[in-house]
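Undergrad: Okay, here's the prediction I keep looking at, along with the sequence it came from:
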Amino acid sequence: MSKKIILLAGPTASGKSKLAIHLAKKLNGEILNADSMQIYKEFSILSSRPNKAETKKIKHHLYGVVSAKRYFSSGDWLKEAKKKINLCLKNKKIPIIVGGTGLYFNTITKGISKIPDIDIRTRNYVRTLFHKLGSKRFYDKLLELDPKVKNKIYPKDSQRMQRAYEVKLKTKKSLFDWFANTKSDFLDFDLRKVFIDIPRIDLLPNISKRTELMFKENCINEVKKFNAMKLNKSLSANKLIGVQEINQFIKNYISLEECKELINIKTRQYAKRQNTWARGHMKNWIKLYSKNFSILLKKTLKVTS
């Protein structure tokens, strides 16, 4: 019998964490994080990490395990996820991988290329160049260096742009040539792939409620503690929605209400990008949704049991 892994994806604030806990209870599973911001120790509130009450009900893995000081790639995530998947299976538990980071899911379903490590000197050079030129000019320069990027990476995706640039610069091969030679390590596994396809009309109130809850739980203090670390601005943790907006509020550039609204807008835009990713990269995933949670759980159990 194939070894089963459940992959549960969806846009931010779609109710993935709650669904994952109920699935784990019904199916004797454990939960693995596939959200690139919930991985950081320093952000439990702003990243909407499952709380202590939730993690007591079901064992959770890979939440708050990495320092924001670290550069943490999808390859690093896969390495850690493999260990946890094997541990779950050894303990006769079903791994339920839940999150909104498409690249993490891709490493499971499509594999990851064996790109050589990029040295810190090259990485710093590319990041400095990006900040010097700005997104638009850097993108134009990237297209000159690697034309295969066109229509595959877009100017707003700063992280992937920089990654493509450093890979071509260091290896002389396009990032997409490396990708072409990849295959999944999970070909002999029974992968049950579910995407929560929540309509925008239901998602928007969820986003607003979650933003209010973040402030109630003192996300401002979380950002102040993060600021005190004085980290390099190119590190991924700086990109977490809310960090920039709360800092504008702390400096009295905007009001609290303006801060909340900016976070809501950014979160809605992020959810839109996640849905766009799903349409392009998750075509063979089962898309499910119901406003009634019991019905959604039944639908999900039907395709994962």
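TA: Cool, the structure landed. Numbers count the residues shown, from 1 in each chain.
Undergrad: where exactly do the helices run in the stretch 201-305 of the chain?
TA: 219-227, 243-250, 256-281, 293-304 (DSSP state H, counting those that start in this stretch).
Undergrad: Packed most tightly, which of these would that be?
TA: The highest mean neighbour count among the helices of the stretch 201-305 of the chain, using mean count of other C-beta atoms under 10 Å, belongs to helix 243-250: a mean of 19. For the C-beta atoms, the positions are set from N, CA and C on the backbone; glycine is no exception.
Undergrad: what residues does the helix or strand harbouring residue 26 touch?
TA: Under the criterion of DSSP states H and E, residue 26 resides in helix 16-27. Residues from elsewhere that reach helix 16-27 (C-beta atoms under 8 Å, 6 or more residues apart in numbering): 6, 8-10, 29-31, 48, 50, 54, 57-58, 94, 96, 98-100, 196, 293, 296-297, 300-301, 304-305.
Undergrad: what does stretch 79-94 give?
TA: So stretch 79-94 is in contact with 3-6, 24, 27-30, 32, 34, 59, 61-62, 65, 95, 97, 104, 107-108, 185, going by C-beta under 8 Å, 6+ apart.
Undergrad: same question, stretch 298-305
TA: Residues contacting stretch 298-305 (C-beta under 8 Å, 6+ apart): 6, 8, 19, 23, 26, 27, 192, 194, 286, 288, 290.
Undergrad: Can I get it in PDB, CA atoms only?
TA: The C-alpha trace of stretch 298-305 is given here as PDB (Å, rounded to 0.1, in the frame of the first residue of the first chain):
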ATOM      1  CA  LYS A 298     -16.800  15.900   5.100                       C
ATOM      2  CA  LYS A 299     -15.800  16.900   1.500                       C
ATOM      3  CA  THR A 300     -12.100  16.900   2.500                       C
ATOM      4  CA  LEU A 301     -12.400  13.600   4.300                       C
ATOM      5  CA  LYS A 302     -14.000  12.000   1.300                       C
ATOM      6  CA  VAL A 303     -10.900  12.700  -0.900                       C
ATOM      7  CA  THR A 304      -8.300  12.200   1.800                       C
ATOM      8  CA  SER A 305      -9.500   9.000   3.600                       C
END
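Undergrad: Sketch out the strands for the stretch 101-250 of the chain, chain order is fine.
TA: 189-196 (DSSP state E, counting those that start in this stretch).
Undergrad: returning to what we had before: buried only: go through the contacts of stretch 298-305 for me.
TA: 6, 8, 19, 23, 27, 192, 194, 288 (16 or more other C-beta atoms under 10 Å).
Undergrad: Among these, which pair sits farthest apart?
TA: The largest separation in those, counting by C-beta to C-beta, is between 27 and 288 at 15.6 Å.
Undergrad: export the helices of the stretch 201-305 of the chain to TSV and tack on distance to residue 145 and mean pLDDT?
TA: Output for the helices of the stretch 201-305 of the chain, formatted as TSV (distance: least, C-beta to C-beta, whole Å; pLDDT from 0 to 100):
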stretch	distance to residue 145	mean pLDDT
helix 219-227	33	97
helix 243-250	29	97
helix 256-281	24	96
helix 293-304	43	97
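Undergrad: show me what contacts the closest residue to residue 119 other than its chain neighbours?
TA: Leaving aside its sequence neighbours, residue 119 sits nearest to residue 170 (C-beta to C-beta, 6 or more residues apart in numbering; 7.3 Å). Going by C-beta under 8 Å, 6+ apart, residue 170 touches 116, 118, 119, 122.
Undergrad: Show me which of those are buried.
TA: For these, buried by 16+ other C-beta under 10 Å: residue 118.
Undergrad: what's the burial count for the residue nearest to residue 266 when sequence neighbours are not counted?
TA: In space, and not counting its chain neighbours, residue 266 is closest to residue 241: 4.7 Å by C-beta to C-beta, 6+ apart. Neighbour count for residue 241, taken as other C-beta atoms under 10 Å: 21.
Undergrad: surely residue 241 meets residue 269?
TA: No: Residue 241 lies out of contact with residue 269 (C-beta atoms under 8 Å); the separation is 9.0 Å.
Undergrad: thinking again about what came up before, from the contacts of stretch 79-94, list the buried ones, please.
TA: 4-6, 24, 27, 29-30, 32, 34, 59, 61-62, 95, 97, 104, 107-108.
Undergrad: Now for the most centrally placed residue in the chain: which residues touch it?
TA: Centrality entry for the chain: nearest residue to the mean C-alpha point is residue 101, 2.6 Å, by C-alpha atoms, centre = their mean. Going by C-beta under 8 Å, 6+ apart, residue 101 touches 34, 35, 36, 74.
Undergrad: re earlier: with residue 166 as the reference, name the closest of the helices of the stretch 201-305 of the chain.
TA: Closest among the helices of the stretch 201-305 of the chain, using C-beta to C-beta: helix 256-281, at 22.0 Å.
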